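1. Quick one, structure for this:
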Amino acid sequence: MHKQPTILVSGVNGQVGFELLRSLQGLGRVIGLDRAALDLADLDRVSEIVRAEKPAIIVNPAAYTAVDKAESDEAMARRLNAEAPRVLAEEAARCGATLIHYSTDYVFDGTRDAPYTEDDATNPQNVYGATKLEGEHAIAASGCAHLILRTSWVYGRRGRNFLLTMLKLGAERPELRVVADQIGAPTWSKTIATATAHIAAQGLAGGEAWWRERAGVYNFTAGGATSWHGFAQAILTREMGDKAPKVTPIPASEYPVPAKRPANSRLSGRKLADVFGLQLPNWEEALFLCLED
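-> The predicted structure is shown next:
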């Protein structure tokens with residue numbers, strides 16, 4: 001009987017990991033690891049698990065994602081966002097696995113007028129973005145076959161995210177004041193997982209040389225763009241109709257937070273389309289599906 005490849009997935013209680021566990025079904029023996037089974041802060045345990053399971057693919061959505069908290073918790077953000085990916089990459093190189101890892105729009109400073117391409121200069125403005133960029137560099141330096149998928153404004157029906165916050169506040173308040181001068185592409189966790197599974201299927205059919213030819217960084221966000229204000233309005237109008245609260249646009253300067261955010265988080269999806277034939281759906285289409293879900 002054909003031996004099934006093993007696919008190791010970290011952080012399966014997170015919003016992307018939860019969806020990956022479902023989207024990757026049928027491609028191999030999928031092993032989902034939550035924090036109890038694999039705490040990424042324990043670097044020895046990370047090595048141990050990869051050596052024991054000898055996966056063909058490691059998918060790593062787990063990360064330190066509390067952007068504002070990272071400003072005062074830099075050591076743990078670095079451990080989870082830079083050191084753990086480095087160990088995963090080194091172990092992947094050792095056993096011939098491919099590492100699929102997720103990064104962020106926050107590696108850019110957001111000062112550009114056009115969507116960022118994968119080759120544009122990075123310049124993170126906060127600890128979260130800086131530690132995620134360190135993780136990217138560590139993976140590239142390891143020599144393993146890898147894909148680094150930069151996504152943005154991730155939301156879904158579980159975990160902590162902007163969609164769930166807006167639905168909660170929208171039910172409680174007559175007016176919401178939401179930042180309107182930061183632009184990006186809200187990206188549904190299920191879109192991320194489904195598109196990842198499409199790539200994994202191509203890679204498993206193509207073998208190690210296929211992965212190596214395509215290794216590198218890819219932008220991985222929904223199509224189109226909006227502001228946080230536009231996103232909030234779309235969520236509340238779609239979900240609450242006439243009962244939706246008023247959504248008032250404000251500048252970021254009126255909503256001070258510890259971590260600086262880029263004003264422009266738009267990422268070009270052209271390379272993803274050229275290499276894998278994949279185009280992630282427009283953010284509004286995906287939001288509609290998510291709210292129907």
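
2. residues of stretch 239-254 that come out buried?
-> 239, 244-245, 247, 249 (16 or more other Cβ atoms under 10 Å). In short, each C-beta sits where N, CA and C put it, glycine included.

3. Dump those into a markdown table; add distance to residue 138 and secondary structure as well.
-> Formatted as a markdown table, the buried residues of stretch 239-254 follow (distance: Cβ to Cβ, whole Å; DSSP: H, G, I helix; E, B strand; the rest coil):
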| residue | distance to residue 138 | secondary structure |
| --- | --- | --- |
| 239 | 40 | helix |
| 244 | 44 | coil |
| 245 | 44 | coil |
| 247 | 40 | strand |
| 249 | 39 | strand |
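
4. Surely residue 210 and residue 204 touch.
-> No: using Cβ atoms under 8 Å, residue 210 makes no contact with residue 204, being 9.0 Å away.

5. more crowded one of those two?
-> Under the criterion of other Cβ atoms under 10 Å, the comparison of residue 210 against residue 204 puts residue 204 first, with 18 against 15.

6. Give the next helix or strand downstream of the strand or helix carrying that one.
-> Here residue 204 sits within helix 189-206, counting by DSSP states H and E. Following helix 189-206 in sequence order, the next helix or strand is helix 208-214 (DSSP H and E).

7. Output that following helix as CSV - backbone C-alpha positions only.
-> Output in CSV follows, covering the C-alpha atoms of helix 208-214 (Å, rounded to 0.1, in the frame of the first residue of the first chain):
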residue,chain,number,x,y,z
GLU,A,208,11.4,17.9,-3.4
ALA,A,209,12.8,19.5,-6.6
TRP,A,210,9.4,21.1,-7.3
TRP,A,211,9.5,22.7,-3.8
ARG,A,212,13.1,23.9,-4.2
GLU,A,213,12.4,25.6,-7.5
ARG,A,214,9.6,27.5,-6.0
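
8. Just list the residues touching residue 6, thanks.
-> By Cβ atoms under 8 Å, 6 or more residues apart in numbering, the contact list for residue 6 reads 28-29, 31, 53-57.

9. Which strand residues bridge it?
-> residue 29 (DSSP bridges).

10. And it, how close does it get to residue 210?
-> Shown here: residue 6 relative to residue 210, a distance of 18 Å by Cβ to Cβ, to the nearest Å.

11. same question, residue 256
-> 47 Å.

12. Output the below-cut-off pLDDT ranges for the stretch 1-150 of the chain.
-> Within the stretch 1-150 of the chain, the stretches with pLDDT under 70 are 1-2.

13. all strands in it, in order from the N-terminus.
-> 6-9, 29-32, 57-60, 98-104, 145-151 (DSSP state E, counting those that start in this stretch).

14. which residues touch residue 264?
-> By Cβ under 8 Å, 6+ apart, the residues touching residue 264 are 108, 110-113, 116, 182-184.

15. Narrow those residues to just the buried residues.
-> Burial by neighbour count, 16+ other Cβ under 10 Å: within these this picks out 108, 110, 116, 182-184.
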